[in-house]
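> The following block contains a protein sequence and its predicted model.
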Amino acid sequence: MARLTLPCDEAAVRKLKVGDFVELSGRMITGRDAAHHWLMHGFREEVAPYMKNSVIYHVGPVVKKHEDGTYSFVAAGPTTSAREEPFQADVIGRYGLRGVIGKGGMFAKTLAGLKEHGAVYLHAVGGTAQVLAACVKKVEAVFQLKEFGVPEALWVIDVEDFPVVVTMDSHGGSLHAEVESASRKKLEELLGLGA
Amino acid sequence: MAGPEQWTEHFVNVIARASSQLPPDVVDALRRGRDAEAPDSLAQKALDSVLRNIEVAKGNWQPICQDTGTPLVWIHHPVGMSTRMLTSAFEEAVRRATGKQVLRPNAVDTLTDRNTGNGAAPGIPTVHCEEWDSDDVEVHLMLKGGGCENVGAQYTLPNPKLKADRDLEGVKRCILDAIHQAQGKGCAPGIIGACFGGDRGSGFLESKRQLLRPLPDRNPVAELDAMEQEIYEKANQLGIGPMGFGGKTTVLGVKVGYLGRLPASYFVSVSYMCWANRRSAARIQPSGEVTWLD
């Protein structure tokens, strides 16, 4: 099991290969649909320092607000990443991200972006909201809460031993492309469809 | 007979149970899937994590998944009970459950693009009421997440690309194609609900209603039972596996129903339910006594 402390440098990320298990510790930021749209329409100074050399987590958490005004994550598994495909490579480049955490994988444009900028796609297990919320030790800050609502706000969180699998690396490798292609062949065989 | 407040309380309990307690038949199927995967494979580790998560959620009565989904509920009620009262009591239950973090604020007003903050918006939740002859009320709830909803698909037959004609073989081809298209994006291993016939709306609704069936439930129609078994076998040969990591467990179950159709139309509607198949069902007697059916 590899360990990665965030923020990290490019060399650490370039070492990671498809199929590696990694435990992440340190500070990351969350962001999904509304956040990616917002991040691409201008350079968002207020969140940029939290993104540089760290990772963005595709998640829409359930969050509890405590009486003293602090927050904690109640449930926080990954959301489907495919929807961010049009934006992801540009967001990585613009803000200097070293990785993306999500589920379901992403496609050619993101894969090229990972290679160009030195970043990885990290797959968390979809639906494991309790296991992953337990790794979130602290909510440091939140941006765009009023505008986007709880699931879509950008939450800055401290995590410990957050488990992920590298499914797209910075060398052009993608487990998702492999499985898609192998399962397509099998489907064609089962249905007698010639290519 | 109980008033709206009592119904709201019952419904909050049904929602809390669905959100945190995965039905035993689904847990059993996941355990079998886990044991079938190669030791230390990505697939097996993913299912280990899933099984651990199910236990934590169950013990703490916390949401299994942060996407607490669209609440879809079917309510059978005695003759004369107000469906408007039941519907508004259920809507209130959704708002209350959202306030207690049993559900995530999961409804966006699509016109203003703002999250309503309370889990309700036009069309959310969806409540189906049906009168029956018993004095009891029976509630069947499903929480269906957005990731799996997004990979649902609807086909029109014939479909030359899939060599799918207007017959049961054609229906099967569409369902297998939909499972392939979904890959791991609907949080595989999933459960497939499908319907052939109907119109575009009724077909999808029936495909979802099929998802209420427990996994070991066999289809009483022999042709459909054979179809369900065959698709299940073949889908698990595709090698998509848990989360799309590759592996033997791609689907946990396949449930197929049908509706009548117009001569001009032949739809095949496929709904994909993630492994977190959050169902809960309760029968509530006039005395208020609750029997859990899941």
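That came in fine, so what should we check first? Numbering: from 1, shown residues only, chains lettered A, B, ... in the order given.

> Mind jotting down where the helices sit in the stretch 51-200 of chain B?
Secondary structure of the stretch 51-200 of chain B (DSSP state H, counting those that start in this stretch): helices located at B:83-99, B:146-150, B:168-182, B:200-210.

> Adding mean pLDDT, distance to B:Pro122 and mean neighbour count, write these out as CSV.
All C-beta spots, glycine's among them, are computed from the backbone N, C-alpha and C. Below are the helices of the stretch 51-200 of chain B laid out as CSV (pLDDT from 0 to 100; distance: least, CB to CB, whole Å; neighbours: other CB atoms under 10 Å in any protein chain shown):
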stretch, mean pLDDT, distance to B:Pro122, mean neighbour count
helix B:83-99, 97, 11, 19
helix B:146-150, 96, 17, 21
helix B:168-182, 98, 28, 22
helix B:200-210, 98, 16, 20
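
> Would you mind saying which of those helices lies nearest B:Pro216?
helix B:200-210 (14.4 Å; CB to CB).

> what's the angle from the helix or strand following that closest one to helix B:168-182?
Downstream of helix B:200-210, the first helix or strand assigned by DSSP states H and E is helix B:222-235. If you take axes from the mean of the first three to the mean of the last three CA atoms, to 10 degrees, helix B:222-235 sits at 30 degrees to helix B:168-182.

> Whatever helix or strand comes next after helix B:222-235 packs against which elements?
As assigned by DSSP H and E, the chain's next helix or strand after helix B:222-235 is strand B:251-258. Where contact means 3 or more CB pairs under 8 Å, 6 or more residues apart in numbering or on different chains; DSSP states H and E, strand B:251-258 is packed against helix B:24-36, helix B:168-182, strand B:190-196, helix B:200-210, helix B:222-235.

> and the closest residue to B:Pro122 other than its chain neighbours, what does it touch?
Counting by CB to CB, 6 or more residues apart in numbering or on different chains, B:Pro122 lies nearest to B:Asp109, which is 7.8 Å off, once chain neighbours are set aside. Listed by CB atoms under 8 Å, 6 or more residues apart in numbering or on different chains, the contact partners of B:Asp109 are B:115-116, B:121-122.

> repeat that for 10 Å
When contacts are counted by CB atoms under 10 Å, 6 or more residues apart in numbering or on different chains, B:Asp109 touches B:115-117, B:121-122, B:124.

> for the record, mean pLDDT for stretch B:41-59?
Mean per-residue pLDDT for stretch B:41-59: 97.

> Is any residue of it near chain A?
Yes - applying CB under 10 Å from any CB of the partner chain, one finds stretch B:41-59 touching chain A at B:41-42, B:45-59.

> send the alpha carbons of that stretch over as PDB?
Only the C-alpha atoms of stretch B:41-59 are listed here, as PDB (Å, rounded to 0.1, in the frame of the first residue of the first chain):
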ATOM      1  CA  SER B  41      -7.900  -8.500  -6.600                       C
ATOM      2  CA  LEU B  42      -9.200  -4.900  -7.000                       C
ATOM      3  CA  ALA B  43     -12.700  -6.400  -7.300                       C
ATOM      4  CA  GLN B  44     -12.500  -8.300  -4.000                       C
ATOM      5  CA  LYS B  45     -11.000  -5.300  -2.100                       C
ATOM      6  CA  ALA B  46     -13.800  -3.100  -3.500                       C
ATOM      7  CA  LEU B  47     -16.400  -5.500  -2.200                       C
ATOM      8  CA  ASP B  48     -14.600  -5.800   1.200                       C
ATOM      9  CA  SER B  49     -14.900  -2.000   1.500                       C
ATOM     10  CA  VAL B  50     -18.600  -2.200   0.500                       C
ATOM     11  CA  LEU B  51     -19.400  -4.800   3.100                       C
ATOM     12  CA  ARG B  52     -17.500  -2.900   5.800                       C
ATOM     13  CA  ASN B  53     -19.500   0.200   4.900                       C
ATOM     14  CA  ILE B  54     -22.800  -1.600   5.100                       C
ATOM     15  CA  GLU B  55     -22.000  -2.700   8.600                       C
ATOM     16  CA  VAL B  56     -20.900   0.800   9.800                       C
ATOM     17  CA  ALA B  57     -24.000   2.400   8.300                       C
ATOM     18  CA  LYS B  58     -26.300  -0.300   9.900                       C
ATOM     19  CA  GLY B  59     -24.700   0.000  13.300                       C
END
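
> So which bits of that stretch are buried?
Across stretch B:41-59, burial judged by 16 or more other CB atoms under 10 Å in any protein chain shown covers B:41-51, B:53-54, B:56-57.

> now it: how far from the chain's centre is it?
On the basis of CA atoms, centre = their mean, to the nearest Å, stretch B:41-59 sits 20 Å off its chain's mean C-alpha point.

> Is the residue nearest to B:Pro122 bridged to anything, and to what?
Note on B:Asp109: beta-bridge partners B:Arg114, judged by DSSP bridges.

> Assign B:Ser49 to helix, strand or coil.
With DSSP: H, G, I helix; E, B strand; the rest coil as the basis, B:Ser49 sits in helix.

> Does B:Thr250 touch B:Gly241 like I think?
Yes - counting by CB atoms under 10 Å, B:Gly241 is a contact partner of B:Thr250 at 6.1 Å.

> Give me the common contacts of the two.
With CB under 10 Å, 6+ apart, B:Thr250 and B:Gly241 have common neighbours A:183, B:33, B:43, B:183-184, B:188-189.

> Need the pLDDT of the closest residue to chain A within chain B.
Across chain B, no residue is closer to chain A than B:Asn115, which sits at 2.8 Å (CB to the nearest CB). In this model, B:Asn115 is scored at 94, pLDDT.

> quick one: it and B:Ala107 touch, right?
Yes - proximity of B:Asn115 to B:Ala107 meets the contact threshold set by CB under 10 Å, at 7.0 Å.

> Can you get me a residue count around B:Tyr272?
Residues lying near B:Tyr272 (other CB atoms under 10 Å in any protein chain shown) number 29.

> Make sure I have this right: it is in a strand.
Yes - B:Tyr272 forms part of a strand when assessed by three-state DSSP.

> Let me see the contact set for the spatially closest residue to B:Trp61 that is not a sequence neighbour.
With sequence-adjacent residues excluded and distances taken as CB to CB, 6+ apart, B:Trp61 is closest to B:Ser20, at 4.7 Å. Residues counted as contacts of B:Ser20 (CB under 10 Å, 6+ apart) are A:75, A:130, B:54, B:56-64, B:68, B:102, B:278, B:280.
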